[in-house]
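Enquirer: 3D, please:
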Amino acid sequence: MSLPTPSAAGAWEVGPARSMEEFTREAQDYLTRSQQGTVNTQRAYAGDWQRFTAWCHTYDRQPLPAEPATVAGFLTDLAREKKVSTIQRHLAAISKAHRLARLPNPASDETVKDLFKGIVLEKKQQLKQAQAFTLTHFKRRVQAIEQDRPDGVRDRALLLLGFAGAFRRDELSQLQIEDLTFDEEGLIVRLQQSKSNQTGAPEEKALVYSADRRTCPVRALRDWLQLLAEAGRTSGPLFVSFHKGQRLGRRRLSGVTINKLVQHYLGGQYSAHSLRASFVTIAKLGGADDSKIMNQTKHKTADMIRRYTRLDNIRQHNAVIDLGL
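Expert: Residues are numbered from 1 along each chain as shown. Below you'll find the predicted structure:
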């Protein structure tokens, strides 16, 4: 049995030499990996941080280091349209940026913490499933929209597209004219990004011509695009605002404005999400299977379809009908 030989420095060598500096370097690599997180998390945080810095630029505030009052203002602005999980993710991105920069973390400020708690409580009170409308109600209200005004042409197209395409309001807001492709069968709408598809390949939704021209989403879109083309708009935001006097603007409709339009035409008890919820409910009651519904809503699981299905009227979905009494 041979013994290890002493090194020139007088130490016994029992394998590859390791130093404290090497351990430190490896530890730093692990720490960096932990701080960065997964690739998807990095992308999400990068987008959230970009939104925060853009907001700070708009309001002439410093993003790094940010004052607690700046973060509070940003969160308050987000709370007008975004859900709690989205707001929380933005706050986490701000927090991580300050920690990585070794700067005081404004997200740890007690006022910011209390503000976020207040937003959560308020959102919980507001959180309820969007009420679904009946097809009869929807068609009656859409048919009543005056078409002799440009905003009426826009609003009819918006409501019909939102319902037939089972769109979220943010998706409707972000649509571009270039996202629409017409053919003899109808229309293909290409979604560059959606809530369920943040970084993947673009998704497509199909709409077909309806028998009744007054409630045909494809013809309604063509009518609106013709007005846009007459104003020289052949690219850019699909749904835009109007100035006073029915003068076409360039600012795309926000999700908040779309929600107000739905309530204006369909009733205050409904919201923009009612367009999507009602698509699921009406299609389900009409006998469509989950796979067909999911092909339009882009839900990933049938569980979400069952959750979104509104069967408010117990007579509509009740085995007592099948008893034969």
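
Enquirer: tally of neighbours for residue 256?
Expert: Applying other C-beta atoms under 10 Å, we find 13 residues neighbouring residue 256. Backbone N, C-alpha and C define where each C-beta goes, glycine included.

Enquirer: which element is it on?
Expert: Per DSSP states H and E, residue 256 falls inside helix 255-266.

Enquirer: other residues contacting that helix?
Expert: Contacts to helix 255-266, defined as C-beta atoms under 8 Å, 6 or more residues apart in numbering, come from residues 80-81, 133, 137-138, 141-142, 145, 155, 158-159, 162, 169-170, 172-173, 239, 241, 253, 270-272, 274-275.

Enquirer: again with stretch 140-156
Expert: 159-160, 214-215, 220, 223-224, 227, 239-240, 242, 246, 248, 261, 265-267.

Enquirer: same question for that stretch, mean pLDDT?
Expert: Mean per-residue pLDDT for stretch 140-156: 96.

Enquirer: equivalent analysis for stretch 57-77, please.
Expert: On average, stretch 57-77 scores 94.

Enquirer: same deal with stretch 236-255?
Expert: Average pLDDT, stretch 236-255: 92.

Enquirer: any buried residues in that stretch, and which?
Expert: 237, 238, 239, 240, 241, 248, 252, 253, 254, 255 (16 or more other C-beta atoms under 10 Å).

Enquirer: how far off centre is stretch 252-267?
Expert: Relative to its chain's centre, stretch 252-267 lies at 16 Å (C-alpha atoms, centre = their mean, to the nearest Å).

Enquirer: restricted to strands, list the contacts of stretch 140-156.
Expert: 240, 242, 248 (DSSP state E).

Enquirer: make a markdown table out of the residues you listed and add distance to residue 191.
Expert: Formatted as a markdown table, the ones in strands among the contacts of stretch 140-156 follow (distance: C-beta to C-beta, whole Å):
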| residue | distance to residue 191 |
| --- | --- |
| 240 | 19 |
| 242 | 25 |
| 248 | 24 |
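
Enquirer: from these, which is closest to residue 202?
Expert: residue 240 (21.9 Å; C-beta to C-beta).

Enquirer: what strand or helix carries residue 283?
Expert: Residue 283 belongs to helix 273-285, assigned by DSSP H and E.

Enquirer: after that helix, next one along is what?
Expert: With secondary structure assigned by DSSP H and E, helix 273-285 is succeeded by helix 290-297.

Enquirer: identify each buried residue in that following helix, please.
Expert: 290, 293, 294, 296, 297.

Enquirer: just flag the most distant two among those.
Expert: 290 and 296 (11.2 Å).

Enquirer: distance of residue 177 from residue 271?
Expert: Distance of residue 177 to residue 271, computed by C-beta to C-beta, to the nearest Å: 26 Å.

Enquirer: and the two? Which one has more around it.
Expert: Higher neighbour count among residue 177 and residue 271: residue 271, with 20 against 17, using other C-beta under 10 Å.
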